[in-house]
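> A predicted structure for the sequence below; I have some questions about it.
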Number of protein chains: 2
Amino acid sequence: MQQIVDFILELDKLKGVTRKTRPLGLDRYENSAEHSWQIALMAAALERYAAEPVAIDRVIGLLLVHDIGEIDAGDTMVFVEGGWEERQAAELAAVTRIVGMLPKPQGEGFLALWREFEFGATAEARFAHSVDRAMPVLLNLSNQGQSWVENGVSYERVVRRVGPEVEAGCPALWEYLATRLEAARQQGWFGA
Amino acid sequence: MQQIVDFILELDKLKGVTRKTRPLGLDRYENSAEHSWQIALMAAALERYAAEPVAIDRVIGLLLVHDIGEIDAGDTMVFVEGGWEERQAAELAAVTRIVGMLPKPQGEGFLALWREFEFGATAEARFAHSVDRAMPVLLNLSNQGQSWVENGVSYERVVRRVGPEVEAGCPALWEYLATRLEAARQQGWFGA
């Protein structure tokens, strides 16, 4: 029991890992723990729009664990160019450390979920990625492009970095976002 | 798609509903969104200690939705005496409003999960309740009784309000907590 308690309290640190987007109406950045909760429910609500049939419970599992490597590695904005292999290695080391706090069967279960999200080519991983990529876009579209403006991210970079992954896992969601992003461009909600 | 997007953005408000406990090492109160994420993973890690066999995916679903009524009703500390029926009615009205933003099948699915947690007598609801009740105790035990001291909550009230529910869903977890709570009493980590 003490091992499991130590693991749960280690997870608490994800509440202190901040992202670049702000919750709507709040004067702070969102953290990766609350983000993980939101996209788990987003996936559940969007299930019927997944590109392929998915085991939704596994999608939710993938999304709940996908960011725990940030406890050691921190959050990196999706628009950063390069360094992604080093970052993935750092997150894998972090996840291995954290789930290593658990008895082996539980630890291996969480690690398998993280690996499937990160490396996996399953329908569940593709759908999970589309939801994870789309969420900050939805927040920015309701926040006059807040994190795009603050970080100098152009319309073209958003479309290039977000479009293919959202479309692969959830085409109807990309169709929706593409229209909204075009409107946001006309509003000037992007960085230079 | 717009209905689902509106629902997801409505859920964003749970990030602004604060509880009485603080994340470890952070100078703020935790919110109900990050709390929901943490207890979903806690349930997954504790599954083998559930009092009865549970469908763990449904437990996770119950925990992810169980607090969304707080978007309208706010969080109430478990140690508040009385008023729980009015509060439950207010949360039901809130959840009905929020899931009513969705197409009917998805909305009914979320409402069924919320009702099962709130009213349900299933093994999954009992286990979910035990995890939800235990989590702030674990935080307080790592935080020198922070929310108990701040809110004048005695050792006896914690044991009375938390013990039966934790024990009913996860007896081994209560056995662990009972020992730690007794040690905390000797440290003076409770309110008068």
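Sure, I can see it. Computed from a predicted structure; not experimentally measured.
> and A:Ala93, what does it touch?
A:Gly69, A:Asp72 (C-beta atoms under 8 Å, 6 or more residues apart in numbering or on different chains). For glycine as for every other residue, the C-beta is placed from the backbone atoms N, C-alpha and C.
> looks to me like it is in a strand.
No - applying DSSP: H, G, I helix; E, B strand; the rest coil, one finds A:Ala93 to be helix, outside a strand.
> which elements pack onto the longest helix seen in chain A?
Scanning chain A for the longest helix, with DSSP state H as the assignment, gives helix A:123-141. Contacts defined by 3 or more C-beta pairs under 8 Å, 6 or more residues apart in numbering or on different chains; DSSP states H and E place helix A:123-141 against helix A:32-46, helix A:56-65, helix A:104-119, helix A:146-150, helix A:155-169, helix A:171-187, helix B:2-11.
> got the ones you listed as JSON lines, with mean pLDDT, mean neighbour count and distance to B:Tyr176 columns?
Listed next are these as JSON lines, based on pLDDT from 0 to 100; neighbours: other C-beta atoms under 10 Å in any protein chain shown; distance: least, C-beta to C-beta, whole Å:
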{"stretch": "helix A:32-46", "mean pLDDT": "98", "mean neighbour count": "25", "distance to B:Tyr176": "24"}
{"stretch": "helix A:56-65", "mean pLDDT": "98", "mean neighbour count": "24", "distance to B:Tyr176": "23"}
{"stretch": "helix A:104-119", "mean pLDDT": "96", "mean neighbour count": "17", "distance to B:Tyr176": "16"}
{"stretch": "helix A:146-150", "mean pLDDT": "96", "mean neighbour count": "19", "distance to B:Tyr176": "41"}
{"stretch": "helix A:155-169", "mean pLDDT": "97", "mean neighbour count": "18", "distance to B:Tyr176": "40"}
{"stretch": "helix A:171-187", "mean pLDDT": "97", "mean neighbour count": "16", "distance to B:Tyr176": "43"}
{"stretch": "helix B:2-11", "mean pLDDT": "98", "mean neighbour count": "18", "distance to B:Tyr176": "33"}
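> would you turn those helices into a markdown table with distance to B:Gly107?
As requested, the helices and strands packed on helix A:123-141 are exported to a markdown table (distance: least, C-beta to C-beta, whole Å):
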| stretch | distance to B:Gly107 |
| --- | --- |
| helix A:32-46 | 9 |
| helix A:56-65 | 16 |
| helix A:104-119 | 27 |
| helix A:146-150 | 29 |
| helix A:155-169 | 23 |
| helix A:171-187 | 18 |
| helix B:2-11 | 8 |
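> for A:Gly83, grab the count of nearby residues.
By other C-beta atoms under 10 Å in any protein chain shown, the residues close to A:Gly83 number 10.
> just the pLDDT for it.
Listed pLDDT for A:Gly83 reads 79.
> quick one: A:Pro23 is in a helix?
No - looking at A:Pro23 with three-state DSSP, it is coil, so not inside a helix.
> so what's it up against?
With C-beta under 8 Å, 6+ apart, A:Pro23 has these contacts: A:Glu30, A:Glu34, A:Leu139, B:Asp12, B:Lys15, B:Gly16.
> quick check: the farthest pair among those residues?
Largest separation among those by C-beta to C-beta: A:Leu139 and B:Gly16, giving 13.4 Å.
> so for the two, which sits in the more crowded spot?
Under the criterion of other C-beta under 10 Å, the comparison of A:Leu139 against B:Gly16 puts A:Leu139 first, with 23 against 17.
> ok, now how distant is the residue nearest to that one when sequence neighbours are not counted from B:Phe7?
Distances taken as C-beta to C-beta, 6 or more residues apart in numbering or on different chains place A:Thr21 nearest to A:Leu139, at 4.7 Å, with adjacent residues excluded. Computed as C-beta to C-beta, to the nearest Å, the A:Thr21 to B:Phe7 distance reads 18 Å.
> repeat for A:Met135
Per C-beta to C-beta, A:Met135 is found 13 Å from B:Phe7.
> ok, A:Asp132 next?
Look at A:Asp132 and B:Phe7: by C-beta to C-beta, they are 18 Å apart.
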